[in-house]
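Student: Got a predicted structure here, sequence first:
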Amino acid sequence: MLPTAPRIRLLASLVAGMVMACSGPEGAGRLDARWVGSDTGAFAGTPKVTWCGSIQRLEVTAVDGNDAAVGLVIYPVKELRTGRYEAFDPGIDSVRRPGVAGASRFFTEQAVKGFQSDSGELELERSGTTFSARFGFRMRSLEGRDTVRLSGRFRDAVPGPCPGDTTTAVAS
């Protein structure tokens, strides 16, 4: 477990990254998520999806009125394929390929809470140029005290280019 100061910096970068990733034109599709555990809530938004070909990852992020955010990063082995991706803890584990990492943040009445995946899975589907997925993760708080079960799906998401990436084609 990270000491408090590094965890606060990680949460700040998580929140800033989600807001920045979701700023600008939104993509197509929809992301729906719900969480149950130390807190319970639901979320729906239009995801922004980017394919970063040079580092081979698909990023899916959505922000709901700046009150909640969900982010998923899918790491294929060599090319993005349909199928199952096992979740890992991005704060402890090295990137696993194939694999997926999830993060979420939301405001409670008392605080901003940040969570990251430590287990679970995502099932990715593709139809032409659009992607859809169902996911379920156990998420632990960045403070390490609370857990929630995050589940949901995104559908009809069309990847756009990753800023600064020269490899734009999404592999089959």
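Tutor: Structure's in. What do you need? Numbers count the residues shown, from 1 in each chain.

Student: And the helices in this protein?
Tutor: For the chain, applying DSSP state H gives helices covering 4-21.

Student: center of it, which residue is that?
Tutor: residue 72 (1.7 Å; C-alpha atoms, centre = their mean).

Student: Using CSV, write out every CA atom in the longest strand along the chain.
Tutor: Assignment by DSSP state E gives strand 112-127 as the longest strand of the chain. The C-alpha coordinates for strand 112-127 follow below in CSV (Å, rounded to 0.1, in the frame of the first residue of the first chain):
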residue,chain,number,x,y,z
VAL,A,112,-13.8,12.5,-3.3
LYS,A,113,-13.2,8.8,-3.5
GLY,A,114,-10.8,7.2,-6.0
PHE,A,115,-10.8,3.4,-6.7
GLN,A,116,-8.7,1.2,-8.9
SER,A,117,-9.2,-2.4,-10.1
ASP,A,118,-7.5,-5.3,-8.3
SER,A,119,-9.4,-8.2,-10.0
GLY,A,120,-12.3,-8.9,-12.4
GLU,A,121,-12.6,-9.1,-16.1
LEU,A,122,-13.8,-7.4,-19.3
GLU,A,123,-15.3,-9.1,-22.3
LEU,A,124,-14.6,-7.1,-25.5
GLU,A,125,-16.7,-7.4,-28.7
ARG,A,126,-16.2,-5.7,-32.1
SER,A,127,-18.6,-5.0,-34.9
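
Student: in its sheet, what does it sit against?
Tutor: Strands flanking strand 112-127 in the sheet, each with its direction: strand 83-86 (antiparallel), strand 99-107 (antiparallel), strand 130-141 (antiparallel) (DSSP bridges).

Student: For residue 46, grab phi and psi.
Tutor: Dihedral pair for residue 46: phi -90, psi 120, per degrees, to the nearest 10.

Student: any idea which of the strands paired with strand 112-127 is most buried?
Tutor: Mean neighbours per residue, mean count of other C-beta atoms under 10 Å, is largest over these for strand 99-107, with a mean of 23. For glycine as for every other residue, the C-beta is placed from the backbone atoms N, C-alpha and C.

Student: Show me what that strand is in contact with.
Tutor: Residues from elsewhere that reach strand 99-107 (C-beta atoms under 8 Å, 6 or more residues apart in numbering): 11, 14-15, 18, 33, 35, 39, 41, 43, 67-75, 85-90, 95, 112-117, 120-122, 135, 137, 139, 148, 150.

Student: which among those residues end up buried?
Tutor: 11, 14-15, 18, 33, 35, 41, 43, 68-75, 85, 87-90, 113-117, 120-122, 135, 137, 139, 148, 150 (16 or more other C-beta atoms under 10 Å).
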